[in-house]
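K.L.:
Pasting a predicted model and its sequence here:
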Amino acid sequence: PTWDQACRLQGDMFAVAAELGGLALQLVWYRGYGEFGAEPWLTDTAELRRRMTAVQCRGGLTQVHRVLEHAVLESRAYRLNALVVIGDCLEEALDPICHQAGQLGLLGVPVFVFQEGSDPDAARGFREIARLTRGAYCAFDAGSAQQLRELLRAVAVYAAGGRLALENLGERRGGLARQLVRQL
């Protein structure tokens, strides 16, 4: 359900970021048995939506390590202002994930991890990723599209305008944006 929500809400990220100068986004996904994909960098909402809706969810183990590894490689070619990870569980060994998160932290790429649900093992790992990268962690209710919308909006503001822009958003709107600012 989260993937479907994200497909609908990603347009909000671009609209908010456009007010602050724009946003380029790369969709990275995994599914099934070892399938992993990274789309090209996009600035067009319609094209991103088309690519997101072409990805179908399939059962399989998480590949958060590969997502972080990919982000490390991308950050060496491009300046990444933020990485967003949305997930409900974490089925991988934590040490290799923490190594990649540490690399992103050294490269100055904060990871914003949004957890659907309340799996305690995932929460522990996701919080550690956020801590190591000087990012932020927030759990949200799988039934709350509004919470996910608010979180994605906050990251778009941060990616396009930096910490000060996110602080201003938190002062104006409070809520989850303020919660993210306190963690940075």
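P.N.:
Looks like it came in fine. Numbering: from 1, shown residues only.
K.L.:
end-to-end on stretch 54-73?
P.N.:
The first and final residues of stretch 54-73 sit 25 Å from each other (CA to CA, to the nearest Å).
K.L.:
can you offset everything so residue one is 448?
P.N.:
Taking 448 as the first residue, the last one we looked at is stretch 501-520.
K.L.:
That stretch: which residues count as buried?
P.N.:
If you call a residue buried by 16 or more other CB atoms under 10 Å, then stretch 501-520 has these buried ones: 502, 509, 510, 511, 512, 513, 514, 515, 516, 517, 518, 519. Every C-beta, even on glycine, is put in place using the N, C-alpha and C of the backbone.
K.L.:
Pipe the residues you listed into CSV and attach distance to residue 535, secondary structure and pLDDT per row.
P.N.:
Shown next, in CSV, are the buried residues of stretch 501-520 (distance: CB to CB, whole Å; DSSP: H, G, I helix; E, B strand; the rest coil; pLDDT from 0 to 100):
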residue, distance to residue 535, secondary structure, pLDDT
502, 16, coil, 83
509, 9, coil, 93
510, 14, coil, 95
511, 11, helix, 97
512, 16, helix, 97
513, 17, helix, 97
514, 14, helix, 97
515, 17, helix, 98
516, 21, helix, 98
517, 20, helix, 98
518, 20, helix, 98
519, 24, helix, 98
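K.L.:
Pull the most distant pair out of these.
P.N.:
For those, the maximum inter-member distance is 22.3 Å, found between 502 and 519 (CB to CB).
K.L.:
Spatially central, which residue of this protein would that be?
P.N.:
Among the residues of the chain, residue 531 comes closest to the average C-alpha position under CA atoms, centre = their mean, at 1.0 Å.
K.L.:
Summarise which helices and strands the helix or strand harbouring that one is packed against.
P.N.:
Assigned by DSSP states H and E, residue 531 belongs to strand 530-534. Judged by 3 or more CB pairs under 8 Å, 6 or more residues apart in numbering; DSSP states H and E, strand 530-534 is in contact with helix 511-524, strand 558-563, helix 567-580, helix 592-620.
K.L.:
distance between stretch 548-561 and the chain's centre?
P.N.:
11 Å (CA atoms, centre = their mean, to the nearest Å).
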